[in-house]
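Engineer: Got a predicted structure here, sequence first:
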Amino acid sequence: MSSPRLSIPETAKMPSSHWPGGIPAYVRVDEKPIPYDDIEGLTNGWRCFIKEKWVTPPPTEQDPLKVRQALVEQRRALAAEWAQAPQALRNDYQTRAASNPTKWNYQELKQFVAKKEVPNGGSYWYTCIAPLNTPRNLALWTKLRILSYDFYYSNEGITTPGVLVASPYSEPPILEPKDFMKAFALENADFMNMAMTKNGTVVFRFAKRFLADQHSLETGMLLCLDFDSNGNVGMRMRFGVLELESFNNQFIGMGRSVNWMRHWSGSDDEEEVEPTFGHKIDITRPILDIFADVEAGVISPDTGNHLDGGENKWRKLIEENAPGYLAFEEAGNPEDYDHSNFREI
């Protein structure tokens, strides 16, 4: 069986994606969530420390992979140093920073990452955290990606996802939503998405994401969730992949909260852990059968159905956006489809 090329960010293919040997036990995430308004004050000393210690790679180094590796190693080393520093040293930095705190905007934070560096999992429409290490999951993932095409409205192409791979040093090496922020930000000591408090603990910046887990691969129901500063999942819900564009417009484009999305989707029960919106899909079925159910209204998007025209039109749509896929599926080996063929937005 040939090995398909998955849509995995470059960082996920590199040794720098995971902390060698695993994240050290002394690099700890703060146990309790911290109000986001309080984080800046608690991390003033850390920013002062980084400002004094940071060494910009020499401009003579032209190899982008070497630059990226050097930057991630320096970030990890500084995070480890701050975590192990005597409390008196951290207090000293915190006191010195109080009168003239170092503030970082997005442009200043970019100095800590290589050009075009993508964090683990990336900043995509959604991120897959399900393991893609079996032919079955590869086949399901390929069909989920096809169903995330904007077939239903403007046919502008497939939405670009990220893939987050569990560290081989984690036990078990499987990602759950609660693991996302550690895998996304802490593995690479990504200063754009994490900081460290005066007590030496890690805190994460505000984050909200769409995720695809194993349940998503089976049913097409994506996760919509936000995270506390310690990486714990806050509010959450699920929605059908056919609703991806409308959810992205509201959740990302308009900056809506998960709580707002839950109410918008018709769930007014604050105690409900994971309300759902949209229709489940049996992703194991042939893609044309799924399209037929969409046209018939069996699993139409709740926000509108623009998928009509019959099988010939659907074949053309798929061929335009996932060239060659139907041949793989009809031959019984959809897991071998090369994801680099997708026409992405």
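Structural biologist: Sure, I can see it.
Engineer: which residue ranges form the strands in the stretch 201-345 of the chain?
Structural biologist: 202-204, 207-212, 221-227, 233-240, 276-277 (DSSP state E, counting those that start in this stretch).
Engineer: For His18, find the nearest of the ones you listed.
Structural biologist: strand 202-204 (16.1 Å; Cβ to Cβ). C-beta: built from backbone N, CA, C; applies to glycine.
Engineer: Which strands or helices does that closest one pack on?
Structural biologist: strand 194-196 (3 or more Cβ pairs under 8 Å, 6 or more residues apart in numbering; DSSP states H and E).
Engineer: The strand it packs on packs against which elements?
Structural biologist: helix 44-53, helix 64-84, strand 202-204.
Engineer: Those: which one's closest to Tyr337?
Structural biologist: That would be helix 64-84 among those, by Cβ to Cβ, at 27.7 Å.
Engineer: Now the element after that closest one, going C-ward?
Structural biologist: Next in sequence after helix 64-84, counting helices and strands by DSSP states H and E, comes helix 87-99.
Engineer: could you pull out the helices for the chain?
Structural biologist: 10-13, 36-42, 44-53, 64-84, 87-99, 106-109, 135-147, 180-181, 214-219, 244-248, 258-264, 287-296, 311-321, 325-330 (DSSP state H).
Engineer: Output those as a markdown table; include the columns mean pLDDT.
Structural biologist: Shown next, in a markdown table, are the helices of the chain (pLDDT from 0 to 100):
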| stretch | mean pLDDT |
| --- | --- |
| helix 10-13 | 40 |
| helix 36-42 | 92 |
| helix 44-53 | 94 |
| helix 64-84 | 92 |
| helix 87-99 | 95 |
| helix 106-109 | 74 |
| helix 135-147 | 94 |
| helix 180-181 | 93 |
| helix 214-219 | 96 |
| helix 244-248 | 85 |
| helix 258-264 | 90 |
| helix 287-296 | 87 |
| helix 311-321 | 88 |
| helix 325-330 | 96 |
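Engineer: of all these, which lies closest to Val273?
Structural biologist: helix 258-264 (10.9 Å).
Engineer: what sits up against that closest one?
Structural biologist: 208, 224-226, 234-237, 239, 247, 250-251, 256, 275 (Cβ atoms under 8 Å, 6 or more residues apart in numbering).
Engineer: Neighbours of Glu171, how many?
Structural biologist: 9 (other Cβ atoms under 10 Å).
Engineer: what do you get for Met237?
Structural biologist: Neighbour tally, Met237, other Cβ under 10 Å: 22.
Engineer: which residues does it contact?
Structural biologist: Leu223, Cys224, Leu225, Val258, Met261, Arg262, Ser265, Ser267, Glu274, Pro275, Thr276, Phe277.
Engineer: one more time with 6 Å, if that's ok
Structural biologist: Cys224, Arg262, Pro275 (Cβ atoms under 6 Å, 6 or more residues apart in numbering).
Engineer: Which one of those sits in the busiest neighbourhood?
Structural biologist: Cys224 (27 neighbours).
Engineer: And the pLDDT at the residue nearest to that residue when sequence neighbours are not counted?
Structural biologist: Excluding the flanking residues, the one nearest Cys224 by Cβ to Cβ, 6 or more residues apart in numbering is Met237, at 5.2 Å. The model reports Met237 with a pLDDT of 93.
Engineer: and what of Ser16?
Structural biologist: 55.
Engineer: again with Asn199
Structural biologist: The model's pLDDT for Asn199 equals 97.
Engineer: before we move on, what about Ser7?
Structural biologist: 45.
Engineer: What of Pro20?
Structural biologist: 93.
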